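> Here is a sequence together with a model predicted from it:
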Amino acid sequence: MAQLFTKDTQAIFWNNNASAIQRMLDYDYTIGRETPSVAAIVAPTSSSKFEKFFWGADEIMIPLYKNTTEAKSDFPNADVLLNFASFRTAYDVTMEALNLGGFKTIMITAEGIPERLARGMNAKARELGVTVIGPATVGGIVPGAFKIANVGGTIENIINSKLHRAGSCGLVTRSGGLFNELCNIISINADGIAEGVAIGGDRFVGSVFIDNLLRMQDNPEVKYMLLLGEVGGVEEYKVIDAVKTGKITKPIIAWCIGTIAKYYDSGVQFGHAGASANAERETAAAKNEAMAQAGIYVPKSFNDLPKLIAEVYGKLKADGVITEIVEPQVREIPKVRKSKNFVCTISDDRGEEATYCGYPISSVATPDTGFTIGDVMSILWFKKRYPRWAVDFLETVLKTVADHGPAVSGAHNAKVTARAGKDVISSLISGLLTIGPRFGGAIDGAAKYFKYANDCNMTPAEFLSYMKKQGIAIPGIGHRIKSVRNPDLRVSGLKKFAAENFPSTPLLDYALTVEELTTSKKDNLILNVDGTIGILMVDMWRALGYSDEEIDVFIDAGALNAFFILGRSIGFIGHILDEKRLAMPMYRHPWDDILYDIQTAPEI
Ligand code: ACO
Ligand code: LMR
């Protein structure tokens with residue numbers, strides 16, 4: 001892999017470090033990337049499902065996940081992990097990603113991972129061919145393609161340092177701060193960088209100088225390299241060997257900082273954990289001397305570095321190795337941006353014609369479109385177009401629950417309200433408000449508890465005793481008038497539909513074994529219409545390939561009761577119109593139907 005990142009590279013960002021992620025997205029937008037460089041964020045403690053970020057003046061949503069495994073399974077092409085975990089968790093996060101596979105590069109920002117762990121982690125990455133940048137780094141950049149987090153600073157600074165498009169220098173440093181400074185120096189004295197990595201300041205880092213320089217040697221965009229080493233370690237000698245043996249043929253400019261160390265009596269550790277010389281050959285002066293002897297361009301001091309860069313760059317340009325860069329257009333990030341308060345992912349009314357999940361209304365409304373009301377429900381409620389058998393099931397449910405006569409709680413309320421002179425909407429709402437755990441609103445509960453019991457492999461007896469302990473009547477079991485002897489034909493109809501159309505009905509099969517037990521205790525403890533709907537919906541979603549987590553989200557959101565609410569609204573409206581048509585007077589409940597038991601309230 002000659003190039004570390006491309007314009008299509010996407011990362012999973014571990015930790016919701018919103019400002020760093022925003023900087024990446026601002027960079028992406030500026031350089032004209034099509035896709036955001038951050039595909040997903042791992043935020044183990046967040047309860048949110050996504051985070052909003054600016055994309056130019058607009059906003060986009062990036063999904064949040066509890067762990068890397070889930071994020072990677074939804075974004076298998078995201079092959080960079082930006083590990084922004086603290087030093088306490090960074091090791092575990094890296095190891096999880098290495099064991100998971102599919103990552104080409106892992107960047108670790110934390111400083112101070114225990115050295116024994118860091119060595120094991122780096123060795124494992126090397127064995128698997130994964131490039132580790134860090135620990136203790138700001139990261140790296142391939143200008144015009146992909147930038148890690150805060151590298152290069154603000155967008156203004158990035159453009160000033162020509163980090164928005166590829167130049168010709170390959171830059172490798174230990175230090176992150178000096179990385180940015182060198183990008184600036186190179187942009188002033190040459191044409192910027194083609195690729196740059198700050199390998200990190202810890203004593204044991206993943207990819208070392210030689211790994212990065214060998215990759216840059218193979219990268220045709222890189223015409224010369226700049227290595228900024230520092231006092232401590234012997235990694236620079238591997239570079240010297242590569243130059244001597246001809247593995248690296250491109251010109252290298254190099255400098256090791258920390259030459260001041262010789263003015264101290266004893267070894268001094270500079271900022272980084274690795275920046276301390278344990279032997280003479282680890283001193284900056286010795287390394288600079290050895291690099292110069294090997295034919296590497298080494299300035300007299302750091303102050304002379306800019307001049308040397310200008311010289312080497314000038315020579316390569318004169319020789320025709322480097323050609324003039326045509327400066328690209330950049331997209332400007334607006335100075336003032338407003339975050340949006342609402343998010344909508346199902347319909348859009350901004351164009352000439354409003355759309356339902358991408359389908360213009362005219363493409364779904366009339367019978368010739370092939371869309372039925374079930375298709376419209378499937379796209380607006382679940383954002384997917386379901387196969388015909390599933391759409392037919394949704395419609396069967398609506399039709400099945402549309403009404404059950406005037407005596408049931410909701411219809412009764414709707415009728416009383418209409419007779420009190422209220423309008424359709426008020427009467428409808430008063431009917432709808434009765435839908436709940438006892439009446440019509442046991443569908444979500446049935447799905448939840450039967451699914452749970454089945455997932456836990458509970459026998460029917462265990463399930464009954466579990467629910468008894470919870471003190472909850474099993475949602476979906478029992479009916480006021482229907483029983484084994486007076487079966488609910490709606491339930492028979494739904495079961496027949498499922499038997500003829502569903503690929504399989506494992507949860508219904510389980511529920512029927514529970515029903516056998518409950519009806520053996522009491523004749524009316526049948527699997528009722530709510531229960532049958534809730535349980536078959538789970539069977540339907542499983543057959544459609546939904547994961548358990550996705551199904552749980554639907555259940556928790558109340559999506560199943562919504563079928564009863566929508567279907568029964570048809571019946572309630574019918575009853576309300578009936579009342580209006582009949583011009584029925586206000587209803588007053590008869591005294592003889594009320595047990596009055598009133599005591600005079602005692603004084604306290
Ligand atoms: N789970 C366990 N035991 C039950 C259940 C149940 N779901 N339903 C009733 N029982 C038991 C009661 O504990 C009671 O036992 P007991 O005689 O030992 O005290 C006995 O059956 C009678 O209870 P009631 O509440 O009087 O039963 P009723 O027939 O009046 O209730 C109802 C019907 C409200 C539907 C009830 O069965 C229930 O709450 N079921 C769960 C909720 C549900 O599924 N509702 C949707 C119904 S369908 C629809 O509305 C479209
Ligand atoms: C209904 O659909 O409303 C019912 O099953 C409730 C009932 O008591 O009939």
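Looks like it came in fine. Ligands and ions are numbered 1, 2, ... in the order given.
> which residue packs closest to the residue in the stretch 451-600 of the chain that ligand 2 sits nearest to, ignoring adjacent ones?
Proximity of the stretch 451-600 of the chain to ligand 2 (Cβ to the nearest ligand atom) peaks at residue 480, 4.6 Å away. Just so you know, the C-beta spots here come from the backbone N, C-alpha and C atoms, and that holds for glycine as well. Closest residue to residue 480 apart from its sequence neighbours, by Cβ to Cβ, 6 or more residues apart in numbering: residue 524 at 7.5 Å.
> Quick one: residues contacting the one you found.
For residue 524, the contact set (Cβ atoms under 8 Å, 6 or more residues apart in numbering) comprises 478, 479, 480, 481, 482, 483, 484.
> Could you tell me how many residues sit around the fourth one?
Translated: residue 481. Using other Cβ atoms under 10 Å, the number of residues around residue 481 comes to 10.
> show me what contacts it?
residue 524.
> at 10 Å instead, please
Neighbouring residues of residue 481 by Cβ atoms under 10 Å, 6 or more residues apart in numbering: 404, 407, 408, 488, 524.
> and the gap between the residue of the stretch 451-600 of the chain closest to ligand 2 and residue 535?
Distance of residue 480 to residue 535, computed by Cβ to Cβ, to the nearest Å: 20 Å.
> Could you check which of those two has the larger neighbour count?
Neighbour count, other Cβ under 10 Å: between residue 480 and residue 535, residue 535 has more, with 31 against 11.
> Where does that one sit, in terms of helix or strand?
Element membership for residue 535 (DSSP states H and E) is helix 529-543.
> For that helix, give the mean pLDDT please.
For helix 529-543, the mean per-residue pLDDT is 98.
> now the helices for the stretch 101-250 of the chain?
115-128, 155-160, 176-189, 209-218, 235-244 (DSSP state H, counting those that start in this stretch).
> ok, the most centrally placed residue in the chain - contacts?
Nearest residue to the geometric centre of the chain (Cα atoms, centre = their mean): residue 63, 2.6 Å. Shown in contact with residue 63 (Cβ under 10 Å, 6+ apart): 39, 40, 41, 43, 48, 49, 50, 51, 70, 71, 74, 75.
> Of all pairs in the residues you listed, which one is the farthest apart?
Longest distance between any two of those is 17.5 Å, between 48 and 75; criterion Cβ to Cβ.
> out of the two, which sits in the more crowded spot?
Neighbour totals were compared for residue 48 and residue 75, and residue 75 leads with 18 against 11 (other Cβ under 10 Å).
> how close does the more buried one get to residue 107?
In terms of Cβ to Cβ, residue 75 sits 17 Å off from residue 107.
> average pLDDT across the helix or strand in which the residue nearest to the centre of the chain is found?
For residue 63, the host element (DSSP H and E) is strand 58-65. Throughout strand 58-65, pLDDT has a mean value of 96.
> before we move on, back to that, closest to ligand 1 out of the contacts of residue 63?
Minimum distance to ligand 1 across these is 30.2 Å, recorded for residue 49 (Cβ to the nearest ligand atom).
> got the contact list for the closest one?
61, 63, 64, 65, 553.
> repeat that with 8 Å
Taking Cβ under 8 Å, 6+ apart, one finds 63, 64 in contact with residue 49.
> State the three-state secondary structure for the residue nearest to residue 220 when sequence neighbours are not counted.
Sequence neighbours aside, residue 2 is the residue nearest to residue 220 in space, at 7.2 Å (criterion: Cβ to Cβ, 6+ apart). Secondary structure, DSSP: H, G, I helix; E, B strand; the rest coil: residue 2 is coil.
> count of neighbours near residue 81?
When counting by other Cβ under 10 Å, one arrives at 29 neighbours for residue 81.
> Please look at it and residue 109 and confirm they touch.
No - in this structure, residue 81 is not within contact of residue 109 by Cβ atoms under 8 Å, at 11.3 Å.
> Closest residue of the stretch 1-150 of the chain to ligand 2?
residue 49 (33.9 Å).
> per-residue pLDDT, that residue?
According to the per-residue confidence, residue 49 scores 93 in pLDDT.
> Point out where the stretch 1-150 of the chain drops to low pLDDT.
Counting by pLDDT under 70, the stretch 1-150 of the chain contains low-confidence ranges at 1.
> Quick check, the residue in it closest to ligand 1?
For the stretch 1-150 of the chain, Cβ to the nearest ligand atom, closest residue to ligand 1: residue 47, 29.5 Å.
> State the distance from the residue of the stretch 151-300 of the chain found nearest ligand 2 to residue 161.
Residue of the stretch 151-300 of the chain nearest ligand 2, by Cβ to the nearest ligand atom: residue 155 (60.5 Å). Distance, residue 155 to residue 161, using Cβ to Cβ: 11 Å.
> likewise residue 569?
Distance of residue 569 to residue 161, given as Cβ to Cβ: 62 Å.
> How about residue 512?
For residue 512, the distance to residue 161 - Cβ to Cβ - is 70 Å.
> ok, those two, which is more surrounded?
The neighbour comparison of residue 512 against residue 161 (other Cβ under 10 Å) goes to residue 161, with 23 against 15.
> Touching, residue 78 and residue 40? I think so.
Yes - when contacts are counted by Cβ under 8 Å, residue 78 is listed as touching residue 40 (6.5 Å).
> so what sits against both of the two?
12, 71.
> mind checking which helix or strand the residue lying closest to residue 474 once chain neighbours are set aside is in?
Excluding its sequence neighbours, the residue lying closest to residue 474 (Cβ to Cβ, 6+ apart) is residue 467, at 5.0 Å. Assigned by DSSP H and E, residue 467 belongs to helix 460-470.
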